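# quick one: sequence and predicted model below, then my questions.
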Amino acid sequence: MDVLRRSGAVGDAGTAAGDARRVTGAATGRGRTRRWRRVAGRPALWLSGLFLAAVVAGALLAPWVTPYADEGAGAPNIAHKLLAPSWEHPLGADEMGRDMLARVLYGARSSLALALLVVSSSVVVGVIVGLAAGYAGGWADEAAMRTTDVFLAFPNLLLAILLVTVLGGGFVSTVLALALVWWPIYALLVRGQVVSLRSQPFIEAARATGVTPLGIMRRHLLPNALTPLLVYATIDLGAVILVAAGLSFIGLGPQPPAADWGVMIYSGRQYVLGGSWWVAGVPGLAIMLTALAFAVLGDTLRDAGDPRQRG
């Protein structure tokens, strides 16, 4: 009889625990939904999203949305040299007579493609290193973390300048150099998540059921790191655009006549004091607004995924 009573008590406790888990899961889901609804109403988010959508659409459709596609690609038109903004040239013309709107749209192609390549490759390398180091521990973890410390000991821009100088200027060299600079932060981020989770009961249960280390990392550890990864990657898209523009400004990025925002600022800086502010001002404004929009979007993703935010 005691055994039966104890069995019934255990069953009731298990039922209660299951109910509690369901209630907690439902509450968590409702809290997440409330957080998403709250952040979705931010005007800054909508403005940033619309701006980024316009930049991406303009970059993809640049040959068709402007009648000066050849000028955007680099063809000069000296007859229109330094024309002020007008109906014919809404953003003016540069020192070679090229339409600034077309140049900015073609420059967006270069900047966005470079940022996407750098961030995506950095995320892939960082995830692999962080998962392996955090799960294995021991000497592998120590070696990986000391390697990241070496990269993080230098400011991003200075290390990028050194690497681009070694690799040679140009689009591909800039992507490789910035990817080498950027991956350590993602390795540290993923490694921290893995270390905090690898001793949790659900990981131990997975090991006990025969799940391989690769399966544990892929099914249980990586999904828990996706939210902070997405937040950092979104913000870093804007940061990479800023650093890449700095490299282009000093002549280490894509080379003329290719449209690049950093190159456009460099070539137009000498005309600002003469009154032709738009030659350097328009690409500078494009860089600032694009980086700001990515930062706002990343902050929104962080707030929506943070359970500490009040629903």
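Perfect, thanks for sending it.

# what about residue 121, neighbour count?
For residue 121, the neighbour count with other CB atoms under 10 Å is 17. The C-beta positions use only the backbone N, C-alpha and C, and glycine is treated the same way.

# wait, is it part of a strand?
No - with DSSP: H, G, I helix; E, B strand; the rest coil as the criterion, residue 121 is helix rather than part of a strand.

# got a list of what the residue lying closest to it once chain neighbours are set aside touches?
Nearest residue to residue 121, sequence neighbours excluded (CB to CB, 6 or more residues apart in numbering): residue 179, at 4.5 Å. Listed by CB atoms under 8 Å, 6 or more residues apart in numbering, the contact set of residue 179 reads 117, 118, 121, 122, 125.

# can you do 6 Å?
By CB atoms under 6 Å, 6 or more residues apart in numbering, residue 179 lies in contact with 118, 121, 122.

# give me the contacts around stretch 228-244.
111, 114-115, 118-119, 123, 157, 174, 189, 290-291, 294-295, 297-298, 301-302.

# low-confidence regions, the stretch 1-150 of the chain specifically.
Applying pLDDT under 70 to the stretch 1-150 of the chain flags residues 1-41.

# which residue ranges of it form helices?
Using DSSP state H, counting those that start in this stretch, the helices assigned to the stretch 1-150 of the chain run over residues 2-40, 43-60, 62-65, 69-72, 100-136, 138-152.

# what about residue 290, distance to residue 200?
Distance of residue 290 to residue 200, given as CB to CB, to the nearest Å: 39 Å.

# ok, how many other residues are close to the closest residue to residue 256 other than its chain neighbours?
Using CB to CB, 6+ apart and skipping residues adjacent in sequence, the residue nearest residue 256 is residue 263, 5.8 Å away. Look at residue 263: counted by other CB under 10 Å, it has 23 neighbours.

# residue 64 too?
Using other CB under 10 Å, residue 64 has 8 other residues around it.

# same check on residue 106?
25.

# wait, isn't it in contact with residue 62?
Yes - under the criterion of CB atoms under 6 Å, residue 106 makes contact with residue 62 at 5.4 Å.

# intersection of neighbour lists for those two?
Jointly contacting residue 106 and residue 62 under the rule CB under 6 Å, 6+ apart are residue 72.

# now do the same for residue 179: its pLDDT.
Residue 179 carries a pLDDT value of 93.

# quick one: it is in a helix?
Yes - assessed with three-state DSSP, residue 179 lies in a helix.

# distance of it from residue 170?
With CB to CB as the criterion, residue 179 and residue 170 are 14 Å apart.

# over to residue 266?
16 Å.

# higher neighbour count, these two?
residue 266 (19 against 15).

# okay, and the more buried one sits in which element?
Assigned by DSSP states H and E, residue 266 falls within helix 261-268.

# from the chain's centroid, how far away is that helix?
Distance, stretch centre to chain centre, for helix 261-268: 23 Å (CA atoms, centre = their mean, to the nearest Å).

# could you do stretch 256-274 as well?
Here stretch 256-274 is found 26 Å from its chain centre; the criterion is CA atoms, centre = their mean.

# what about the stretch 201-311 of the chain, any weak spots by pLDDT?
Along the stretch 201-311 of the chain, the parts satisfying pLDDT under 70 run over 304-311.

# mind checking how far residue 261 is from residue 270?
Distance from residue 261 to residue 270, by CB to CB: 17 Å.

# surely residue 211 is in a strand?
No - counting by three-state DSSP, residue 211 is not found in a strand; it is coil.

# disregarding residues adjacent in the polypeptide, which is nearest to it?
Distances taken as CB to CB, 6+ apart place residue 219 nearest to residue 211, at 7.4 Å, with adjacent residues excluded.

# so how far is residue 202 from that neighbour?
10 Å.

# go on, residue 110?
For residue 110 relative to residue 202 (CB to CB), the value is 45 Å.

# so which of these two has more stuff around it?
residue 110 (23 against 9).

# I'd say the more buried one and residue 260 touch.
Yes - taking CB under 6 Å as the definition, residue 110 is a contact partner of residue 260 at 5.1 Å.

# any common contacting residues for those two?
By CB under 6 Å, 6+ apart, the residues touching both residue 110 and residue 260 are residue 254.

# just name the closest of the contacts of residue 179 to residue 162, please.
Among the contacts of residue 179, residue 118 lies closest to residue 162 (CB to CB), at 16.3 Å.

# just give me the neighbour total for the nearest residue to the closest one once chain neighbours are set aside.
Nearest residue to residue 118, sequence neighbours excluded (CB to CB, 6+ apart): residue 178, at 4.4 Å. Using other CB under 10 Å, residue 178 is surrounded by 29 other residues.
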